[in-house]
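Undergrad: just to be clear, the model below is a prediction. Sequence and coordinates:
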Amino acid sequence: MGAAMKRCIERDGEGKDGSAAELACVTWNIAAINNNPFEYYATVEGEPGYVNLMKAVQQFMDSPGEKDVAVSDVFSASMFAKLEQAMRDLRLDGVDTVAQMWTDDFSKRRIISGFMKDKTIGAKRLASMPDRFTNTINTADGSVVCRPTVINNYDRDMSTLDAWFEQWFNFMFHTEIAVKDKKGEIAQKKVCALLQPILRKKYPEVTEEEEKVSIPLQML
């Protein structure tokens, strides 16, 4: 696009009266780094169900009402206990700190008003960073592996929270995949090992404490 603009300026560099020409431009970003269907709106001919779904999701986000339940009503105490043990089994630093964050803060938040709409979570990349590395994974053999979630092309049954959690847990902690590093070398890794630290120098909203425990915090 830059080259096309340059040619237009070179061709139309002067107005009809010899004055400098003005070039009005509009540009927009149509790229996507993920395949979350709820981040984009498309026109699907003959599929009213799609429009109804998208409107219902938007309405829920705008006005959740009594459905704006506590995070702990969705991610239960038993689920967290299993996650906490898995993180301890990996000997991760900061699990005690993250457990305290869960008890004192995250478990008490409301799923929409206190979590989904909390802009600091976005600024700190606490949800988007782990999603970037685990949402849709391109493996070394060319196949694609999806995390159990509704925001990608995962196609197995997740009609209950328990069904989702068991699949998510096995995916994160018991699934090994072959991936290529930046040098093109292939390594066999568990999905949880793909997560990378969140650094304050890149994301200044992150606190020093959050940076130190960013791996288990992303798992949560």
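TA: Sure thing, it's come through.

Undergrad: neighbours of Gly114, just the number please.
TA: Per other CB atoms under 10 Å, the neighbour tally for Gly114 reads 16. The C-beta positions use only the backbone N, C-alpha and C, and glycine is treated the same way.

Undergrad: avg pLDDT for stretch 67-78?
TA: For stretch 67-78, mean pLDDT rounds to 97.

Undergrad: contacting residues around it?
TA: 60, 106-115, 161, 165 (CB atoms under 8 Å, 6 or more residues apart in numbering).

Undergrad: got those residues as JSON lines, with secondary structure and pLDDT columns?
TA: Listed next are these as JSON lines, based on DSSP: H, G, I helix; E, B strand; the rest coil; pLDDT from 0 to 100:
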{"residue": "Phe60", "secondary structure": "helix", "pLDDT": "95"}
{"residue": "Phe106", "secondary structure": "helix", "pLDDT": "97"}
{"residue": "Ser107", "secondary structure": "helix", "pLDDT": "97"}
{"residue": "Lys108", "secondary structure": "helix", "pLDDT": "97"}
{"residue": "Arg109", "secondary structure": "coil", "pLDDT": "97"}
{"residue": "Arg110", "secondary structure": "strand", "pLDDT": "97"}
{"residue": "Ile111", "secondary structure": "helix", "pLDDT": "97"}
{"residue": "Ile112", "secondary structure": "helix", "pLDDT": "96"}
{"residue": "Ser113", "secondary structure": "helix", "pLDDT": "96"}
{"residue": "Gly114", "secondary structure": "helix", "pLDDT": "96"}
{"residue": "Phe115", "secondary structure": "helix", "pLDDT": "96"}
{"residue": "Leu161", "secondary structure": "helix", "pLDDT": "96"}
{"residue": "Phe165", "secondary structure": "helix", "pLDDT": "97"}
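
Undergrad: so which pair among those is furthest apart in space?
TA: With CB to CB as the measure, no two of those lie farther apart than Ser113 and Phe165, at 23.1 Å.

Undergrad: out of these two, which sits in the busier spot?
TA: Phe165 (19 against 11).

Undergrad: so for the more buried one, what's the nearest residue that isn't a sequence neighbour?
TA: Excluding the flanking residues, the one nearest Phe165 by CB to CB, 6 or more residues apart in numbering is Met79, at 5.3 Å.

Undergrad: then Ala123?
TA: Among residues not flanking Ala123 along the chain, Glu205 sits closest, at 4.0 Å (CB to CB, 6+ apart).

Undergrad: hey, C-alpha coordinates of stretch 188-195 in PDB?
TA: Coordinates of each C-alpha in stretch 188-195 appear next as PDB, following Å, rounded to 0.1, in the frame of the first residue of the first chain:
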ATOM      1  CA  GLN A 188       9.000 -32.300  22.000                       C
ATOM      2  CA  LYS A 189       7.200 -30.200  24.600                       C
ATOM      3  CA  LYS A 190       4.200 -30.200  26.900                       C
ATOM      4  CA  VAL A 191       1.800 -27.500  26.000                       C
ATOM      5  CA  CYS A 192       2.300 -25.800  29.400                       C
ATOM      6  CA  ALA A 193       6.000 -25.500  28.600                       C
ATOM      7  CA  LEU A 194       5.200 -23.200  25.700                       C
ATOM      8  CA  LEU A 195       4.200 -20.300  28.000                       C
END
